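*Asks:* predicted model, plus sequence, below.
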2 protein chains.
Amino acid sequence: MSLRFAVLTLLDIEPGSGYDLKRRFERSVIHFWSASHQQMYRELHKLHGEGLLDCAEQPQEGRPDKKIYSLTDAGRDTLRTLATAPASTQKIRDPFLLQLFAGHHLPPAQLRAELERHLAEHRALLETYEAQNARFYKRPPEQRQRLWLAHQPLVLGIATEKTWINWAEQLLARLESEEAG
Amino acid sequence: MSLRFAVLTLLDIEPGSGYDLKRRFERSVIHFWSASHQQMYRELHKLHGEGLLDCAEQPQEGRPDKKIYSLTDAGRDTLRTLATAPASTQKIRDPFLLQLFAGHHLPPAQLRAELERHLAEHRALLETYEAQNARFYKRPPEQRQRLWLAHQPLVLGIATEKTWINWAEQLLARLESEEAG
DNA sequence: ACGTACATGTAACCAGTTACATGATTAA
DNA sequence: TTAATCATGTAACTGGTTACATGTACGT
């Protein structure tokens, strides 16, 4: 139900097309949820079929027509219901940790290279989060007050990435000293 | 491919049945991967069908027969290949953060109750990790040296849970002061 | 000529969850 | 007698990924 919940939440804030939603996921929700454009279109069709969304076709010149989706009353009801339902606690599922767990199958140099690759990705992620965070703090105080709750996932995202990077740096140092010694 | 990798890794350490694997997942790998018994049995059948596992039926008295699976040579080859393949970086997908993001749809008291429920779950999780960690440090130094890499996911698990709990406690304090003020 | 952004979609597959089904043993 | 642990499985469904398909516009 989470993709459904996410789609309804974003369309409730502002109507848009599948393509719009995909970009909004990437820009604002990526640190705690993600979805491909194929998932979007499938979900939008389903929601529309169930009468939770209205669809307005908007012809465009020079580019493909847009289908702008917005919530119906039934959609808003469903959103309220989903928002109230208890969410399940997320278990970690990290393929890289699995790889580490079986790390004795890899030559140490390759393991170190893998770790450095993941480190680079996490550092890049942290940078984009920090940038989003900086934009938040440039908003007027009135908006910051209103949006503080929706901002909390980003706060956690930043803390989590810092934790990851810190752990990985210590691990890297140890891998290097094991290789040297 | 990750479930496959996890199953092969555990069976490489020690052969066992689907039921055994399920328990070993819960005891040793749960903090970075999880799987239900249905997934196990399906994966074991598939791996066996592909000739990556041998299966020895072991009759038992008073309880159902066991099917003990172990790696074939082809299985060990596959495991080595999977261990070498670059793992994708995990994206966070936390339904609770989605709920927070849409938190304005919930009455504050209910939101606080939800947060407290999740906090309790994360605290319990941290406790079990700390217990596992304590058991690790009771092992003889020779074993600690040999297993240090496989122990790293647990180190990260502990740090991540602490980060989560710390974030949630600050959020809870703010929710309480907003309710009071 | 090539890549990127815009815009929507189908099909096949892989992964994970939920519900159901069976049946013995052991401890409270 | 009730619940938990041991042990294996089927079926249906939901969710997510990968590959393919189409076509315009714009910048290099």
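*Replies:* Structure received.

*Asks:* against which helices or strands is the helix or strand bottoming out on mean pLDDT in chain A packed?
*Replies:* Between all helices and strands in chain A, the lowest mean by mean pLDDT, DSSP states H and E belongs to strand A:53-58, at a mean of 91. Contacts defined by 3 or more C-beta pairs under 8 Å, 6 or more residues apart in numbering or on different chains; DSSP states H and E place strand A:53-58 against helix A:37-49, strand A:66-71. In short, each C-beta sits where N, CA and C put it, glycine included.

*Asks:* touching DNA strand D at all, it?
*Replies:* No - using C-beta under 7 Å from any atom of the strand, we find that strand A:53-58 stays clear of DNA strand D, coming within 14.6 Å at best.

*Asks:* where do the helices of chain A begin and end?
*Replies:* A:2-13, A:18-24, A:37-49, A:73-84, A:95-101, A:108-138, A:141-180 (DSSP state H).

*Asks:* turn these into a markdown table, columns for mean neighbour count, mean pLDDT and distance to DNA strand D.
*Replies:* Output for the helices of chain A, formatted as a markdown table (neighbours: other C-beta atoms under 10 Å in any protein chain shown; pLDDT from 0 to 100; distance: least, C-beta to the nearest atom of the strand, whole Å):
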| stretch | mean neighbour count | mean pLDDT | distance to DNA strand D |
| --- | --- | --- | --- |
| helix A:2-13 | 20 | 95 | 4 |
| helix A:18-24 | 18 | 93 | 10 |
| helix A:37-49 | 16 | 95 | 4 |
| helix A:73-84 | 16 | 95 | 10 |
| helix A:95-101 | 22 | 93 | 11 |
| helix A:108-138 | 15 | 93 | 15 |
| helix A:141-180 | 16 | 94 | 16 |
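
*Asks:* now do the phi/psi pair for the residue nearest the centre of chain A.
*Replies:* For chain A, residue A:30 is the residue whose C-alpha lies nearest the centre (C-alpha atoms, centre = their mean; 2.0 Å). Main-chain torsions, residue A:30, degrees, to the nearest 10: phi -60, psi -30.

*Asks:* who are the contact partners of it?
*Replies:* Counting by C-beta atoms under 8 Å, 6 or more residues apart in numbering or on different chains, residue A:30 touches residue B:91.

*Asks:* change it to 10 Å
*Replies:* By C-beta atoms under 10 Å, 6 or more residues apart in numbering or on different chains, the residues touching residue A:30 are A:24, A:125, A:128, A:129, A:132, A:157, B:91, B:92.

*Asks:* just to revisit the earlier point, right, and the helices of chain A - which one's nearest residue B:139?
*Replies:* Smallest distance to residue B:139 across those (C-beta to C-beta): 16.5 Å, for helix A:95-101.

*Asks:* on that earlier part again, can you lay out the helices of chain A as CSV showing distance to chain B?
*Replies:* Formatted as CSV, these follow (distance: least, C-beta to the nearest C-beta, whole Å):
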stretch, distance to chain B
helix A:2-13, 4
helix A:18-24, 12
helix A:37-49, 12
helix A:73-84, 4
helix A:95-101, 4
helix A:108-138, 5
helix A:141-180, 4
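
*Asks:* if we can go back for a sec, could I get the helices and strands packed on strand A:53-58 as TSV with distance to DNA strand C?
*Replies:* Output for those, formatted as TSV (distance: least, C-beta to the nearest atom of the strand, whole Å):
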stretch	distance to DNA strand C
helix A:37-49	4
strand A:66-71	4
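
*Asks:* these: which one's closest to residue B:47?
*Replies:* helix A:37-49 (28.7 Å).

*Asks:* okay, the angle between that closest one and strand A:66-71?
*Replies:* 60 degrees (axes from the mean of the first three to the mean of the last three C-alpha atoms, to 10 degrees).

*Asks:* still on that earlier bit, who wins for proximity to residue A:153 among the helices and strands packed on strand A:53-58?
*Replies:* helix A:37-49 (19.7 Å).

*Asks:* which residues are in contact with the closest one?
*Replies:* A:3-4, A:6-8, A:11, A:17-23, A:25, A:35-36, A:52-55, A:67, A:69, A:71-72, A:74-75, A:78.
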